[in-house]
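In: Take a look and give me a structure for this.
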Amino acid sequence: MGLIDEQRRRPPLQQPAGKPRRERRVRAPLRWYRRAGTRLLLNWGVLVLAVAVVLVVRYRSEENARAPLPAPAVRLSTVETRTWRAFPAYAGTIPVLVYHGINASGNALATTPRVFAEQMLALKTAGFHAITLSQYVSYIHGDGKALPPRPILLTFDDGRLDTYRAANDILRRYGFHGTMFTFAAWPTSNPGFNLRWNELRRMQASGIWTVQEHGGRGHEYVRYNAQGKTGGVYAYREYFPDPNGRSGYLESFAAFRQRVTSSILWGAQKFASQIPGFRPLAFAVPEADYGQGHTNDPRIAQFMLPWLRRHFAVVFGGDYLAGAAGHPVLERFSPTYVYRITMGPRETLGALDCRLRDWVMGVPIWKEYACLRPHLPHPFLRAPLPT
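Out: This next block holds a predicted model:
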C-alpha cells in the first residue's frame, strides 16, 4: 500500500467538540454590538433631525419677525381728500421728507405705521411722485427734464428694521421709492435694531429702495473739553484727559481729519463690498452736525462740507426748522447742503400739507413754524390755521 492509498484510507479529521460553542459565544456579542450600533445611529439620526427641524422653525420664525408688514387699510376723509387734490402744481423744486422710525413706540421722532400710511395715501391723492435718489442727483446737477409732475424725495435715516417693515409694502402699493441711510457698522453690530446686510441687499435689488451711507461706526459722540461735555463726532476735535489729573489735550486738527475721513471712507468701502452695484451718491450727516452750529474749532465746518461734497453728489442735513440758536437756517435748499422736513408725531396730515405748500410756494421759513403750532399766538406767525 502506497503512501497515497494510506492517506485515502484515513478517516476525515473532525473539529474539536468545543469549537461551535466558542463561535456562538463570539457571534452573540457581535450581533449585540451590531444591534446596539444600529440603535445608536438611529437615535443620533432622530436627534439630528429634531435639531434641524428646530433650527428651521426658529429661522422661519425669525425671518417672519423681520419681514415687511402688510400695508394697513386707511382712507382719507372727504375734506382731506378735497384738500390734497387741490395741492398746487409746482416746478423747479423738490421737497424732501425724512423719517426716523415708523413704529408705535411714542418716541419723539417716531411716526406710527397708520399715520405713515395716511401720509402716503395723501401724497398719492395729491399727485406726488416719490422719485429715486438717482433722479434727485440729476436734478441737483441741473438736469430736471425727466422728472415727473409734483416730485418728492422720501428719505429714512438710521437703517431701522421697524421702518423697513412698516414702510416697504406701503411704498410698493403706491409705486413710491425710498432712500435708506444707514451706518456701515450697524448691520453686524446692531442687528436687532438695524437691517442686516442680506436685507439691505434685497432692498437695493427690489427697485423700491436705494441704500446709502449715514456714516461709518454710528451715532458717535466725542468728549471735547475738560468738563466732560460731548458733541458730534464730525463736529468736534476730541479731548483726551490726563490720567494723572493734569491738563489734558485736544487732538490735532490733522488727527481730526484723519479720524473722520477714514471712518466715512471705510463705510463707503463696506457698502461697496456688501451691496452689488452700490454707488456713493449721497451722505446724510448724523445729527445734521458737521460743525456748522457749535464746534471747538471753526476750521471743522470749513473742511467737512467741501470734503463731503467731493466724495458724495448730495449731502443731506436735518430739518431747517430745527436750526441751532444763533444759527437760523435761511433757505430750504442749496446744491451744497440739502435740508429736509422731519416727520414725527407733530406732523399730522394738516401739518404736512401746510409745510409742503410753504416749501413749493417759497413761503419764508420763519412763517412755516405756524404749520406745527397753528394755535400758538405769535406776532411773527400767520393767523391760526382753520380747524
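In: Low-confidence stretches in the stretch 51-200 of the chain?
Out: 51-61 (pLDDT under 70).
In: need the helices for it, in chain order.
Out: 78-85, 113-126, 133-140, 161-174, 186-189, 197-206 (DSSP state H, counting those that start in this stretch).
In: Would you mind writing the CA trace of the fifth one as PDB?
Out: Output of helix 186-189 as PDB, limited to C-alpha atoms (Å, rounded to 0.1, in the frame of the first residue of the first chain):
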ATOM      1  CA  TRP A 186     -24.700  98.600  12.300                       C
ATOM      2  CA  PRO A 187     -25.800  95.600  10.200                       C
ATOM      3  CA  THR A 188     -23.500  93.400  12.200                       C
ATOM      4  CA  SER A 189     -23.000  95.300  15.500                       C
END
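In: From the contact counts, what lies against that helix?
Out: If you count contacts as 3 or more CB pairs under 8 Å, 6 or more residues apart in numbering; DSSP states H and E, helix 186-189 packs onto helix 197-206. Yep, even glycine has a C-beta here, placed from its N, CA and C like the rest.
In: Report the buried residues of the helix it packs on.
Out: Trp197, Glu199, Leu200, Arg201, Met203, Gln204 (16 or more other CB atoms under 10 Å).
In: Likewise for stretch 289-298?
Out: Asp289, Tyr290, Gly291, Gln292, Gly293, Thr295, Asn296, Asp297.
In: Contacts only, for the second one.
Out: It stands for Tyr290. Gly232, Tyr234, Ala235, Ile300, Ala301, Met304, Leu305, Leu308 (CB atoms under 8 Å, 6 or more residues apart in numbering).
In: ok but it is inside a strand, no?
Out: No: looking at Tyr290 with DSSP: H, G, I helix; E, B strand; the rest coil, it is coil, so not inside a strand.
In: Any stretches of the stretch 251-387 of the chain with poor pLDDT?
Out: In the stretch 251-387 of the chain, residues with pLDDT under 70: 323-327, 374-387.
In: how about a cut-off of 80?
Out: 323-328, 373-387 (pLDDT under 80).
In: for it, what spans make up the strands?
Out: 282-284, 314-319, 338-343 (DSSP state E, counting those that start in this stretch).
In: Excluding its own residues, what touches the first one? List them.
Out: For strand 282-284, the surrounding residues in contact (CB under 8 Å, 6+ apart) are 98, 133, 137, 155, 157, 179, 181, 212-214, 264, 308, 311-317.
In: what do you get for the second one?
Out: Contact with strand 314-319 is made by 96, 98, 133, 136-137, 140, 155, 181, 281-285, 287-288, 305, 308-309, 336-342, as judged by CB under 8 Å, 6+ apart.
In: Write the PyMOL selection for whichever of the contacts of strand 282-284 are buried.
Out: The buried subset of the contacts of strand 282-284, as determined by 16+ other CB under 10 Å, is captured in PyMOL by this line:
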select buried, resi 98+133+137+155+157+179+181+212+213+214+264+308+312+313+314+315+316+317
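In: Which of the helices of the stretch 51-200 of the chain sits closest to Tyr33?
Out: helix 197-206 (47.1 Å; CB to CB).
In: mind checking pLDDT for Gln242?
Out: Just so we're on the same page, residue 242 is Asp rather than Gln. On pLDDT, Asp242 comes in at 86.
In: Tell me, how many residues neighbour it?
Out: Residues near Asp242, counting by other CB atoms under 10 Å, number 10.
In: For it, list the residues it contacts.
Out: Gly248, Tyr249 are the contacts of Asp242 under CB under 8 Å, 6+ apart.
In: Could you measure from it over to Asn43?
Out: For Asp242, the distance to Asn43 equals 64 Å [CB to CB, to the nearest Å].
In: do Phe271 as well
Out: In terms of CB to CB, Phe271 sits 48 Å off from Asn43.
In: Could you check which of the two has the larger neighbour count?
Out: Taking other CB under 10 Å, Phe271 and Asn43 do not tie; Phe271 has more neighbours (21 against 10).
In: buried ones in stretch 130-141?
Out: Under 16+ other CB under 10 Å, the buried positions of stretch 130-141 are Ala130, Ile131, Thr132, Leu133, Gln135, Tyr136, Val137, Ser138, Tyr139, Ile140.
In: wait, which of those residues is closest to Glu347?
Out: Nearest to Glu347 among the buried residues of stretch 130-141, with distances taken as CB to CB, is Ala130, at 16.2 Å.
In: who's the closest one bridged to?
Out: With DSSP bridges applied, Ala130 shows beta-bridge pairing to Ile152.
In: quick one: it and Leu154 touch, right?
Out: Yes: if you go by CB atoms under 8 Å, Ala130 and Leu154 touch, sitting 4.9 Å apart.
In: Give me the number of neighbouring residues for the residue nearest to Leu69 when sequence neighbours are not counted.
Out: Leaving out its chain neighbours, the residue that sits closest to Leu69 by CB to CB, 6 or more residues apart in numbering is Arg165, at 5.0 Å. With neighbours defined by other CB under 10 Å, the count for Arg165 comes to 19.
In: and Arg165, what does it touch?
Out: By CB under 8 Å, 6+ apart, the neighbours of Arg165 are Arg66, Ala67, Pro68, Leu69.
In: which of those residues has the most neighbours?
Out: Pro68 leads the contacts of Arg165 on contacts (other CB under 10 Å) with 17 neighbours.
In: With adjacent residues omitted, what lies nearest to that residue?
Out: Looking at Pro68 with CB to CB, 6+ apart, the closest residue is Asn168, at 3.9 Å.
In: was I right about that neighbour contacting Pro70?
Out: No: counting by CB under 8 Å, Asn168 stays clear of Pro70, with 10.1 Å between them.
In: more crowded one of these two?
Out: The neighbour comparison of Asn168 against Pro70 (other CB under 10 Å) goes to Asn168, with 20 against 10.
In: From Pro113, how far out is that one?
Out: Taking CB to CB, one finds Asn168 at 11 Å from Pro113.
In: again, but for Thr230
Out: Thr230 is 33 Å from Pro113, by CB to CB.
In: pretty sure Asn194 contacts Leu161?
Out: Yes: taking CB under 8 Å as the definition, Asn194 is a contact partner of Leu161 at 6.4 Å.
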